[in-house]
Each structure stands twice: as structure tokens, then as C-alpha cells.
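Engineer: After the sequence you'll find the predicted model.
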Amino acid sequence: MTIVVNGGAGSLPDIFARPLGDRLSAALGQPVVIDNRPGAGGMVAMQQVKNAAKDGHTLAVVTNAHMVWNPYVFPKLTYDPATDLMAVSPISVIPMALVVNPKVPAQTTAELFALAKKAPGTLNYASSGNGSPPHVLFEMLREQAGADIVHVPFKTGTDALTSVVAGDTQIYLAGTSLVEPMAKEGRLRVLAVSPKVTAPTFASAPTLQSQGFDGYESAVWLGLVATAGTPPAVVQRLNDEVGKALKDPAMRQAMLAHGALPYHASPAAFAQRIAAERATWGPAIRRLGIQPN
């Protein structure tokens, strides 16, 4: 079996794919290879699964971006997530934190957006690239707040984080595991999280939902997909084994240590979630005019 990862070795999808692959290998009695295929907004990785045999032997780790957002971001997407890929199982939810450089005179999200409205176009926010989760999610947040804040894209999340800590940019909506060290040291100020996070660094932060922002209950997720047309019995067996793997204490602890919340559901429930998110996010992304780098 092969699990294709749109990310390099050491990326968050890769970190989760490897122990999951080990457990699937043991359960299914066959080797599982992790194939890292970063780049092109996930198109390289998704095409590999799209063109694979319909037997469940080639899977891919996906996020909202691959299954929900990309059709509305990339004008020439080389795969159709609705017809070329099949939902197998979600793996985790990635909590997000809205943080600012401490020099920004805002202690809450309300103060941040009031500041932005008072001086439109003077605040800026970092992201890990056009069409990335931090970009799409913050654009939705900015639109709901009715604020004019300038987007500054970077090549990686680490580059974006470095810019906010240095004060070159001011705002970042990113995974809690990425920003936690800097927030713990006081080099970033946490304004809100989504969903609720119990880690001490974020425990006192309100959720974005409680601040009146919709669509952030579990803003970013990871999951597994197979080639469309894979037999339902094969998909169900894979889903069952993923569910067992996510109950493994060592696997759960590894995910929690990287700021992820284990999340399992049936193939049908996962597919329904993806379809519902397309209906919600697709029109918004088109309206906002989000385009790739």
C-alpha cells in the first residue's frame, strides 16, 4: 500500500501518516509506503491517487484545501475531488489560533477588528501562501468582521510565523502547535482559538464561535481518501482500521503532542461533511476571489 502525502518529511500530514501507516501495515499484513509529493497545491499528490487502481492500495492524506477549497481556488485544477476521490476516514481536527504581534494594540478580536476599521488597509496578516488554510480562513474571518486587512503570503508556515514574531507582519491565523512556543514566550499574543483548546497557553482564549464568527467549529481537518470507484467493502475495512489506530494510546498521544485532536467518522459521514463544506465555503471563496500564487 502507498499513502501519498502532499508535504515533505516532517510536515504535519507526514508526521501523522507514518505511525498510521505502521498500524495499517500490521493490521492488513502488508507493507505501507509513505510517498511524499509536495507542491502545486496538492495537485501532484491528488493526481497520483486519481490515476491509481481502484483497489484501496493507494491512499492520500488530505485537508479541507484538497477536498473543499481547491476547485474554487485553482482555475485549472487537474483533479475533481467530487468525482475522482473517495472519502475513507477523517483523522484529526487541527485547532487554530488567532495571534498578533504584541506591539499590536489589541487584546481581543473585537479590538483588533475595531482597529482595522478605524484605519483600513494599515494592518496586515501573514499566511503560508494563497489558497492555504490560514489564507482562506482569515479571509472568511475578515469578511465576516467587515474589515480591510492586507494579505501577505509566504512560502511556508514557518516563514509566516517568523514574520509576525519579527513584526514585519502583524496577524496570523495558524495551527496551535505552530504558534504555541512563541505564544508561551510572550512573543505572540493569542486572541482566539477554534475549537476550544485545553493546553495552558490557549486555555483562557475564547473561541472564534463565541466571538460571533461562523464556520470555525473545527476549521481544519486531516483525512484519508482513496481512488473513486474503490469497492465500498474495501473502504469500510480501511475505515475500521483507521478507527482502531486512532484509539491506540501512543497514536493519540503523538497527535495531541502536535496539537491535533483525533477524529474518526464513517466514510459516509466524512463524505457528507466534505459535501456540506463545499456548499458553504465554495461560494465564499469565489466571492472573495482567492487565487493561487
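Structural biologist: Good, I have the coordinates.
Engineer: Can you list the strands that the longest strand seen in the chain pairs with?
Structural biologist: What stands out as the longest strand in the chain, according to DSSP state E, is strand 85-94. Strand 85-94 has the following strand partners under DSSP bridges: strand 220-227 (antiparallel), strand 261-262 (antiparallel).
Engineer: Now tell me what touches the shortest one from outside.
Structural biologist: So that's strand 261-262. 91, 92, 93, 94, 95, 195, 246, 251, 252, 255, 256 (CB atoms under 8 Å, 6 or more residues apart in numbering). Heads up, the C-betas are built off the backbone N, CA and C, glycines and all.
Engineer: same thing but at 10 Å, please
Structural biologist: Residues from elsewhere that reach strand 261-262 (CB atoms under 10 Å, 6 or more residues apart in numbering): 16, 90-95, 195, 197, 218, 221, 243, 245-248, 251-256.
Engineer: how far is that strand from where the chain is centred?
Structural biologist: Taking CA atoms, centre = their mean, to the nearest Å, one finds strand 261-262 lying 13 Å from the centre of the chain it belongs to.
Engineer: So which elements touch the following helix or strand past that strand?
Structural biologist: Later in the chain than strand 261-262, the nearest helix or strand by DSSP states H and E is helix 267-288. Judged by 3 or more CB pairs under 10 Å, 6 or more residues apart in numbering; DSSP states H and E, the packing partners of helix 267-288 are helix 64, helix 70-73, helix 81-84, strand 85-94, helix 133-145, strand 220-227, helix 232-247.
Engineer: angle of the helix or strand that the fourth one is followed by against strand 220-227?
Structural biologist: The element immediately downstream of strand 85-94 (helix or strand, assigned by DSSP H and E) is strand 96-100. Orientation of strand 96-100 against strand 220-227 (axes from the mean of the first three to the mean of the last three CA atoms, to 10 degrees) gives an angle of 140 degrees.
Engineer: Strand 96-100: partners in the sheet, and parallel or antiparallel?
Structural biologist: strand 171-175 (antiparallel), strand 189-194 (antiparallel).
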